[in-house]
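Student: What shape does this take:
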Amino acid sequence: MKILLHTCCSNCAIYPIEILTEKGYDVILFWYNPNIHPYTEYRARMHSLKKLEQLWNLRVIYDDNYREFYKFLRAVAGKEKERCEICYRMRLERTAEKAKEIGIERFSTTLLVSPYQKFDKIIEIGNELSRVFGVNFIGEDFREGFKKAMKSAVELELYRQKYCGCIYSEAERYLKRINYE
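Tutor: Below you'll find the predicted structure:
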């Protein structure tokens with residue numbers, strides 16, 4: 001049984017790939033991340049996934065049209081506090097759409113491995129999109145494998161990013177608190 005796994009980065013993919021494969025899924029990764037800023041960071045993360053793809057002989061579909069970055073910016077401008085939900089929806093919607101397009105009946109996301117993401121919101125959006133597109137969302141809680149995955153990423157010498165991905169998360173990494181009012 002195939003599953004299309006939205007992949008935010010190589011490091012977050014490690015544990016979900018292991019667990020889903022153990023459960024009998026035929027995992028196909030899907031790269032779609034127009035939120036990542038700047039472009040050099042986007043390329044570094046994509047190249048790291050390509051490295052993992054070669055190391056583990058993975059199947060990956062790349063939707064790497066970086067021009068979608070502007071679509072992301074327009075969607076979140078003035079809505080900085082809701083940006084994560086907007087970003088989850090944008091990426092999961094494209095994943096569900098792609099799964100339906102290529103005849104895969106299930107989808108999920110590596111975002112569910114990170115303790116820094118809004119797990120319940122991702123589940124809610126995934127389930128909603130499941131109904132819209134007619135593909136099943138697998139809302140697996142991968143968070144217990146986060147530290148193990150990060151350790152594996154170091155051992156595999158994968159690129160390790162320092163923030164979630166968007167321009168706002170990069171600023172928050174350094175400034176800690178930002179008043180968006």
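
Student: Ile123 touches Ile138, doesn't it?
Tutor: No: counting by C-beta atoms under 8 Å, Ile123 does not reach Ile138; the two are 10.3 Å apart. C-beta coordinates here come from the backbone N, C-alpha and C atoms, glycine included.

Student: any idea of the mean pLDDT in stretch 113-131?
Tutor: Across stretch 113-131, pLDDT averages out at 97.

Student: mind listing what's buried in that stretch?
Tutor: Applying a neighbour-count criterion of 16 or more other C-beta atoms under 10 Å, the buried positions in stretch 113-131 are 113-114, 117, 119, 122-123, 125-126, 129-130.

Student: Can you tell me what sits against it?
Tutor: Applying C-beta atoms under 8 Å, 6 or more residues apart in numbering, the set of residues contacting stretch 113-131 from outside is 12, 15-16, 84-85, 88-89, 92-93, 96, 107-109, 111-112, 136-137, 139, 141-143, 145-146, 149, 164.

Student: Give me the PyMOL select line for the residues you listed, limited to the buried ones.
Tutor: Restricted to buried positions by 16+ other C-beta under 10 Å, the PyMOL selection for these reads:
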select buried, resi 12+15+16+84+85+88+89+92+93+96+107+108+109+111+112+136+137+139+142+145+146+149+164
